[in-house]
Structures are given as structure tokens and as C-alpha cells.
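**Student:** Give me coordinates for this.
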Amino acid sequence: MKNKRNALIIDDDKFFCETVRDYLSSSALNLFMSHTGADGLSECSKNKMDVVLLDQNLPDTEGHLLCSPILALNDQTKIIFITAHPSFEGAIIAIRSGAHDYLSKPFELEELALTVRNALKTITLEKVAQVEAYKNGKEIEEAVLIGSKGLAETVKLVELAASADAPVLISGETGTGKNVVAKAIHYKSSAREDAFISINCAAIPENLIESELFGFEKGAFTGASYSKKGIFEMAEDGTLFLDEIGAMPMHLQVKLLGVLEDKKIKRLGSDIIRPVQVRIIAATNSDIENSLDKTFRSDLYFRLGVIRIHIQPLRERRDDIPELCKYLLNNISNSGTVRIEKDEIKKLMVYDWPGNVRELRNILERAFILQKGDVLRPSELLIKTTAVKAAQRTDEEPADETISTLQEMEKKHIKKALEKLSGNNTRTAEALGISLSTLKRKIMEYGLK
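**Tutor:** Have a look, this model is predicted:
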């Protein structure tokens, strides 16, 4: 069958593997099985895996230590972490190691099948958005760049960055589309046919990020039973996108500066200096200027920021919302029949959108799934926050000038959602547009009940 997907189960329980294989096997999915970490990595190197079901306790290693090597072989692989000994700490480790989702044994096979389908759907959406745009020779018309009113300057800078080869530093709040802008620069550039590799510096443990970036030789450290290219080498002639650059440890900032200056790297445990030709695009959602020479080197900041692009939050370009809704709905529904009435658009325009374009897309997608008919009412899915009330105040009422941090806003947002939905985690995760494992991690992080 054309476009048949590959899935790998890495678990030392042979009966479990066979049960899952028999349940998930279909004409659209090839199922592979491995019972050790080494065999699993070998299988991933032979076949391009779309989904990997990864057990934590393996005979030769711990599951979370395999996430990075698996993603190094194919950064599009969706890893679903599985463990018989669930804990919030384990979930956090898995997600930070690169896992797409997290399941605790025992679970219903239908729950596993749904998780796999969602992972495959995510891959499809990512690939269709990139591959089709490239095939047709079109400019990438990602949602974040729609609406010439609010982002006219950003679009101009994207064109400028694409025509140059200088480092780029993108800033903006979570959900504004920094990754999308980075991809737009890459696919509009002369390197469009070469690799675009993205790495989140905040998601990789500090003790692993150096080996991920620069690679390592066999025996370089305990557990290094093979040699591996680093991400710089894998992105040769292409683009390396370093998201959350502000989270990079100071000692690695020095090395990154050296790569930018000399265009050379050295793997851990090796004396060989390797030349690399890679375009660097970095991004941050923090106020990095206030961290200069404290947690972030000023010389690296100025070297990265040869071209600076700042993406405005959605609340500062509300006039773009009607066009954004039209564009997003067309992509979500694949038809021109679904619409939003003008009164609904007005309600969306007074909402503060703390999650920016990502949150808008999630709201529209949930409305499309949950609401019947061709006329959607996405405002019914919004959680009423102080931001909405502030937009509805009369001119006589004084505005509250207090500005909360993004973490405080997220905590309040999640808390209100839990209260509104009577503490039902499943319904709350669905309403917020996040996975259940992510919600549980946030509850633990913020001390919510």
C-alpha cells in the first residue's frame, strides 16, 4: 500500500509486543518488534519509523535514554513512552527527552490505538504543510504570516533573511509562530532542498545537549557504545533551528560562538576537527536582553542577532484575526462550507489569546470536531478570563495596569479550566488543546489540585 507507515514496539515483554502488534496491524501500518534498546536502535536505523512505542525498563538501558538517538535517526519520529511504574517525574523526563506522548500500564488497547492515530495525524499535518508547499513551488503561507496589517514588517524581514546567509534571532511569545518563521526563511532560501533540523534547547537535559549538538565517539562517556553524528553535522548545508536558545548552558554558548565564528566542530571524545556549513536560526520567548552577561553571553547574542525578527502577539494585531480564521478553517476542514459569523469573529477579537496563533488554531479545530453543522461558534469554547472582561470594560472604568508573567497567566488559565470543568482532567486537557500527560505535568509543576 502506498504511504504505508512504520511503527516499532520496543519492550522486553514479548507477549505484550505480540498483543499490541496483533491489535494495531492494518493495511496502513507496518509493525516491528524489538526487545532490547540496542535492537530497537538497529531497527530504527534500517527502517524509517513514524511511531515508536518505547518501554522505560529495558534489559540493557532505560527507555528515556533512547529518545535522543531515535530522534537523531529521524527527527519526525513520534515516540510514545510506556511504563508500568508511572510517576510525574518519569513523565517529565520522557517529555523532556523528546517523547511525543506518555502512557501508563495497564491501559486499554483502544487508548493506545487512539494515541498512535493522533501521532500519525500530527506527522501527516506537518508533512503536508511542508512537502506540498515545496512541491508546488509556492511560498509557505503558514498561518502566522497571514494578515499583512500586523506582520507586514515581519514578512519583509523573512524575505531579507531568506536572501542572506547570516544568523537570525527570532523573538516572540509562545505560540506566535517562531518555528513557522524559521521554516519560512529556510524554504524561501537557496538551501530549501537541504535539511531543516529543529532542536529545543530547553527540552534536552543539560548533560545531553552537548552530545546532541556536536555528536560523540564510541567510548566518549559511559553508555556511548556507538559513534553518532551531532545535529550540526546532520544539518550540513541546511538550516539548524535552535529554539529556546536562552536555555542553553553558558559553557555551550562559548562553543556555539566558536562554531559561528570558525564553522568547525569537534565530537565528544574526538580530536578530529570537522568543518560544517550550517545556517543558524535561533529563537527565544524570553526577554533575553535582560539576561545578557548573567545567563546569556552578550557576544553570542550580538553574533546571533545579525538579523532580528520579532513576532507580535496576536492581541496586538487583532485586525488579523478574521483573515487568520478564514485561512485556518480552510486548512482544518478542507472545504469552503464551514464558516464563522461576524458576531462570533467580534467575540474572538476581544479575547486576549495568551496562547496566540497556536491557541486560535486549537480553538477552531475543537469547534470543528465538537460542534455540528457548517456554522461554528468557537467563542463557546473560550475560557472567560480577565483579559476578555478587560476588553469589554466601559471607557469610564480604570484599566488594571498589572502585568502578569506568562507562567502566572498559564497557571491561572489552567486553574480556571479545572474549576470550570469540575476537576475533570480529560475534559480540561481537551478544552485546553493539550495532551492529558502535558496537563498532568503542568498540574504537578504549578501545584494545582
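**Student:** Next up, the contacts around Ile273.
**Tutor:** Contacts for Ile273 (CB atoms under 8 Å, 6 or more residues apart in numbering) come out as 264-266. C-beta here means a position set from N, CA and C on the backbone, and glycine is covered the same way.
**Student:** if we go to 10 Å?
**Tutor:** 262, 264-267 (CB atoms under 10 Å, 6 or more residues apart in numbering).
**Student:** and it, what are its phi and psi?
**Tutor:** Dihedral pair for Ile273: phi -90, psi 120, per degrees, to the nearest 10.
**Student:** same deal with Leu109?
**Tutor:** Given degrees, to the nearest 10, the pair of backbone angles that Leu109 has is phi -60, psi -30.
**Student:** My guess is it contacts Val20. True?
**Tutor:** Yes - counting by CB atoms under 10 Å, Val20 is a contact partner of Leu109 at 7.3 Å.
**Student:** between those two, who's got more neighbours?
**Tutor:** The neighbour comparison of Leu109 against Val20 (other CB atoms under 10 Å) goes to Val20, with 22 against 12.
**Student:** Please name the nearest non-neighbouring residue to the more buried one.
**Tutor:** Closest residue in space to Val20, ignoring its immediate chain neighbours: Ile9 at 5.5 Å, by CB to CB, 6 or more residues apart in numbering.
**Student:** Who is that neighbour paired with across the strands?
**Tutor:** Applying DSSP bridges to Ile9 gives these bridge partners: Met33, Leu53.
**Student:** residues touching it, list them.
**Tutor:** Ile9 neighbours (CB under 10 Å, 6+ apart): 16-21, 24, 31-35, 40, 43, 51-55, 80, 82.
**Student:** Whichever of those end up buried, select them in PyMOL.
**Tutor:** Here is the PyMOL selection string for the buried members of the contacts of Ile9, based on 16 or more other CB atoms under 10 Å:
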select buried, resi 16+17+20+21+24+31+32+33+34+35+40+43+51+52+53+54+55+80+82
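**Student:** Narrow the contacts of Ile9 to those in helices?
**Tutor:** Members of those lying in helices (criterion: DSSP state H): 16-21, 24, 40, 43.
**Student:** now, which of those residues sits nearest Arg358?
**Tutor:** Leu24 (29.5 Å; CB to CB).
**Student:** so what's Glu217 up against?
**Tutor:** 224, 226-228, 267-272.
**Student:** Show me which pair in those is furthest apart.
**Tutor:** Farthest pair in the contacts of Glu217 (CB to CB) is Tyr226 and Asp271. Separation: 18.7 Å.
**Student:** When those two are compared, which one has more neighbours?
**Tutor:** More neighbours surround Tyr226 than the other of Tyr226 and Asp271, with 14 against 7 (other CB under 10 Å).
**Student:** Skipping adjacent residues, who's closest to that one in space?
**Tutor:** Lys218 is the one closest to Tyr226 (CB to CB, 6+ apart), at 5.6 Å.
**Student:** Now do the same contact list for the one you found.
**Tutor:** Contact partners of Lys218, counting by CB under 10 Å, 6+ apart, are 224-228, 269-270.
**Student:** still on that earlier bit, export the contacts of Glu217 to JSON lines and append columns for secondary structure and pLDDT.
**Tutor:** Formatted as JSON lines, those follow (DSSP: H, G, I helix; E, B strand; the rest coil; pLDDT from 0 to 100):
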{"residue": "Ala224", "secondary structure": "coil", "pLDDT": "76"}
{"residue": "Tyr226", "secondary structure": "coil", "pLDDT": "78"}
{"residue": "Ser227", "secondary structure": "coil", "pLDDT": "82"}
{"residue": "Lys228", "secondary structure": "strand", "pLDDT": "83"}
{"residue": "Arg267", "secondary structure": "coil", "pLDDT": "91"}
{"residue": "Leu268", "secondary structure": "strand", "pLDDT": "90"}
{"residue": "Gly269", "secondary structure": "coil", "pLDDT": "90"}
{"residue": "Ser270", "secondary structure": "coil", "pLDDT": "89"}
{"residue": "Asp271", "secondary structure": "coil", "pLDDT": "88"}
{"residue": "Ile272", "secondary structure": "coil", "pLDDT": "90"}
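**Student:** What is the neighbour count of Ile345?
**Tutor:** Other residues near Ile345 number 15, with proximity taken as other CB under 10 Å.
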